[in-house]
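*Asks:* No letters, just coordinates:
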């Protein structure tokens, strides 16, 4: 007699612990299979029960389902798993996909649909969806043959996918507290302990520097490097590429010693090429010798100075005198260029917050990099742009550009969100507004805070404070405006955003470049339509289209307020134009759904106007309410001009 598979064993155990009838639909749902499969399983289970030497049978009743009759206790004794309905093992899809990813990427298994269906009690359709999601999430190519499904990709792509898998594993855990133990299941206890010890030695070595933001990334990349080496895989690298650009041999000695120690502890063999590959990896993670930091590569210094000059022109702020900013950029650029050249991506966990909070600075950096990217023949992704944004934002804050404003309420959310949405409309774009709780306020240093808005009474705080009602009123807004003006406004600081200045917007949005469309359904259609109009009017060159699409692939240009802001480098724009496309229905655009697309085309000769243009645009797209008002008015003006 054929034995029961895992799903059928689970079915038997489930029925043994259930006193009442269970419907076919309920059984199929709990074992993640179709009703047809469940019907076949019950048929097989009935045959199996008839072949055994205990008296148990399946009872079936119409409209009720099935249950076991007879010596059911003997069935329960066969299983190590006492079934309780509330504790039924039903893996979440994300957990299941992580397990399958581990089989494919770490264990290099060839998996079959049948094996996964039996293991997880799910249909082939669910398995197919899992594999498709794994390919998307971890950017890996899977090949399916008659023998099964397995990873078929380049060594570089496999390592990148392993890095993404490790980040997913860390998603809900504290790296600093549990990082080493979290990776025991992936790489084994011995390798994990070895790598974390080496990272600690590097970070605490007197002759080396390892920026704190790279510690996690370095640990993960080292684990992957040694794991692949242990399995006999090496990366093909451009010989001597690294040593032509760094003037110190200390990193080479570090890499060689690390592999020698690893060989002794873990038992793998390595070559000279592996040492050079590890050197490139270590440099890409920001590890430098202190001597190297002082012996600047003049080429990198020229690039950094060009970036600072471009940012000065765009934001009308002199960054060139900020020596601390230059030092930080110099330290950041060398490992960043190695990352970009080698395809290693360093994730910034605060990317979305930076893009939302420092939108103007973020996009200014994006524009400032245009000619530098052409010079280097590289395109920076949003993560790298966000790291650079932080350096410039810190520099501006040192110059006292923008006020730091706290919103306080008992919970830190709810009321504060209501307040923040209202006051953002009346404050300068450069101001930084954050929410906090009373407890956080008492615990934190307030020396850098300029202004506090609170829905509860605050005592003994030496800062300008406005107390507002939980449901903020017009009087509250007037009080905020008055106190802000009294404390911070000087003659040159009169930027107000209470109302949308449509007269000023007319200077930016030519009505001939405003389009209202109801037949465009997806992102590429919208982009191609807008670019077609620009090409017809000869305002852009032939490279503009490819430039826009390439930049879309490197980062998300959609905002939560329902607007997309694609753009291209100024060198591909002959005549500046801001195009506005208004859709009748929202469409999916990268991360968010949008109803409007603002394609920004600014020529090189107008780079000094970027700050003014972006500031005006950001005022009208800062909230969904303002976007709605803006689009309604733009439609009216378009209609009147026709």
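*Replies:* Ah, there it is. All values derive from a computational prediction rather than experimental measurement. Numbering: from 1, shown residues only.
*Asks:* check contacts around the spatially closest residue to residue 362 that is not a sequence neighbour.
*Replies:* Spatial nearest neighbour of residue 362, chain neighbours left out: residue 389 (4.7 Å); criterion: CB to CB, 6 or more residues apart in numbering. The C-beta positions use only the backbone N, C-alpha and C, and glycine is treated the same way. Applying CB atoms under 8 Å, 6 or more residues apart in numbering to residue 389 gives the contacts 354, 358, 361-362, 365.
*Asks:* quick one: which of these is most hemmed in?
*Replies:* In terms of neighbour count, residue 361 stands highest of those at 28 neighbours, by other CB atoms under 10 Å.
*Asks:* quick one: contacts for that one?
*Replies:* 315, 389, 392-393, 396.
*Asks:* domain assignment for this protein?
*Replies:* As assigned by automatic domain parsing, the chain contains the domains 6-87, 93-153, 161-289, 298-398, 404-488, 502-641.
*Asks:* Now do the end-to-end distance for the fourth one.
*Replies:* Using CA to CA, to the nearest Å, the end-to-end distance of domain 298-398 comes to 27 Å.
*Asks:* what about it, distance to the chain center?
*Replies:* 18 Å (CA atoms, centre = their mean, to the nearest Å).
*Asks:* Poorly predicted segments of the stretch 51-200 of the chain, please.
*Replies:* Residues of the stretch 51-200 of the chain meeting the criterion pLDDT under 70: 76-92, 171-174, 176-179.
*Asks:* can you pull out the helices in it?
*Replies:* With DSSP state H, counting those that start in this stretch, the ranges of helices along the stretch 51-200 of the chain come out as 72-78, 93-101, 113-120, 124-138, 155-170, 175-182, 184-187, 189-204.
*Asks:* hmm, who's touching stretch 338-352?
*Replies:* 156, 160, 163, 167, 214, 217, 221, 280-281, 283-284, 354, 378, 380-384, 386-387.
*Asks:* Off-centre distance for stretch 40-58?
*Replies:* Relative to its chain's centre, stretch 40-58 lies at 51 Å (CA atoms, centre = their mean).
*Asks:* do stretch 440-456 as well
*Replies:* Counting by CA atoms, centre = their mean, stretch 440-456 is centred 30 Å from the centre of its parent chain.
*Asks:* That stretch: which residues count as buried?
*Replies:* Residues 441, 449-455 are the ones in stretch 440-456 that count as buried (16 or more other CB atoms under 10 Å).
*Asks:* gap between the two ends of it?
*Replies:* Note: stretch 440-456 ends 14 Å apart using CA to CA.
*Asks:* With stretch 443-450 instead?
*Replies:* End-to-end distance for stretch 443-450, by CA to CA: 17 Å.
*Asks:* Kindly provide the whole-number mean pLDDT of it.
*Replies:* Mean pLDDT, stretch 443-450: 81.
*Asks:* for stretch 477-495, same thing?
*Replies:* Taken as a whole, stretch 477-495 has an average pLDDT of 64.
*Asks:* go on, stretch 554-566?
*Replies:* In the prediction, stretch 554-566 has an average pLDDT of 85.
*Asks:* Among the contacts of residue 361, which pair sits farthest apart?
*Replies:* The span of these, defined through CB to CB, is set by 315 and 389 at 11.7 Å.
*Asks:* Could you double-check that residue 157 sits in contact with residue 138?
*Replies:* No. Between residue 157 and residue 138 there is no contact under CB atoms under 8 Å: 9.7 Å.
*Asks:* between the two, which one's more packed in?
*Replies:* residue 138 (23 against 16).
*Asks:* Now do the contacts for the closest residue in space to that one that isn't next to it in sequence.
*Replies:* The shortest distance from residue 138 to any non-neighbouring residue, by CB to CB, 6+ apart, is to residue 161 (4.3 Å). By CB under 8 Å, 6+ apart, the contact set of residue 161 is 105, 138-140, 151, 153.
*Asks:* For residue 259, see how far away residue 556 is.
*Replies:* Distance from residue 556 to residue 259, counting by CB to CB, to the nearest Å: 38 Å.
*Asks:* Have a look at the two and say which one is more surrounded.
*Replies:* Between residue 556 and residue 259, counted using other CB under 10 Å, residue 259 has the larger neighbour count: 21 against 15.
*Asks:* For the more buried one, which non-adjacent residue is spatially closest?
*Replies:* That would be residue 270: by CB to CB, 6+ apart, it lies 4.7 Å from residue 259.
*Asks:* show me the residues around the one you found that make contact.
*Replies:* Counted by CB under 8 Å, 6+ apart, residue 270 has contacts 229, 259, 262-263.
*Asks:* If we use 7 Å, what do you get?
*Replies:* By CB atoms under 7 Å, 6 or more residues apart in numbering, the contact list for residue 270 reads 229, 259, 263.
*Asks:* All the strands of the stretch 451-600 of the chain, in order from the start?
*Replies:* For the stretch 451-600 of the chain, applying DSSP state E, counting those that start in this stretch gives strands covering 451-454, 465-467, 514-517, 563-564, 577-589, 592-601.
*Asks:* So which of those is nearest residue 199?
*Replies:* strand 592-601 (36.7 Å).
*Asks:* Can you name every helix or strand that that closest one contacts?
*Replies:* Under the contact definition 3 or more CB pairs under 7 Å, 6 or more residues apart in numbering; DSSP states H and E, strand 592-601 sits against helix 523-536, strand 563-564, strand 577-589.
*Asks:* ok, 10 Å please
*Replies:* Counting contacts by 3 or more CB pairs under 10 Å, 6 or more residues apart in numbering; DSSP states H and E, strand 592-601 is packed against helix 523-536, helix 544-554, strand 563-564, strand 577-589, helix 610-620, helix 624-641.
*Asks:* one step back: and which of the contacts of residue 389 is nearest to residue 510?
*Replies:* Lowest distance from residue 510 to the contacts of residue 389 (CB to CB) belongs to residue 362, with 25.8 Å.
*Asks:* shouldn't that closest one be in contact with residue 380?
*Replies:* No. The criterion here is CB atoms under 10 Å, and residue 362 misses it with residue 380 at 11.6 Å.
*Asks:* got any residues that touch both of the two?
*Replies:* Residues touching both residue 362 and residue 380 (CB atoms under 10 Å, 6 or more residues apart in numbering): 386, 388, 555.
*Asks:* Now do the second one, the pLDDT please.
*Replies:* Per-residue confidence at residue 388 stands at 93 (pLDDT).
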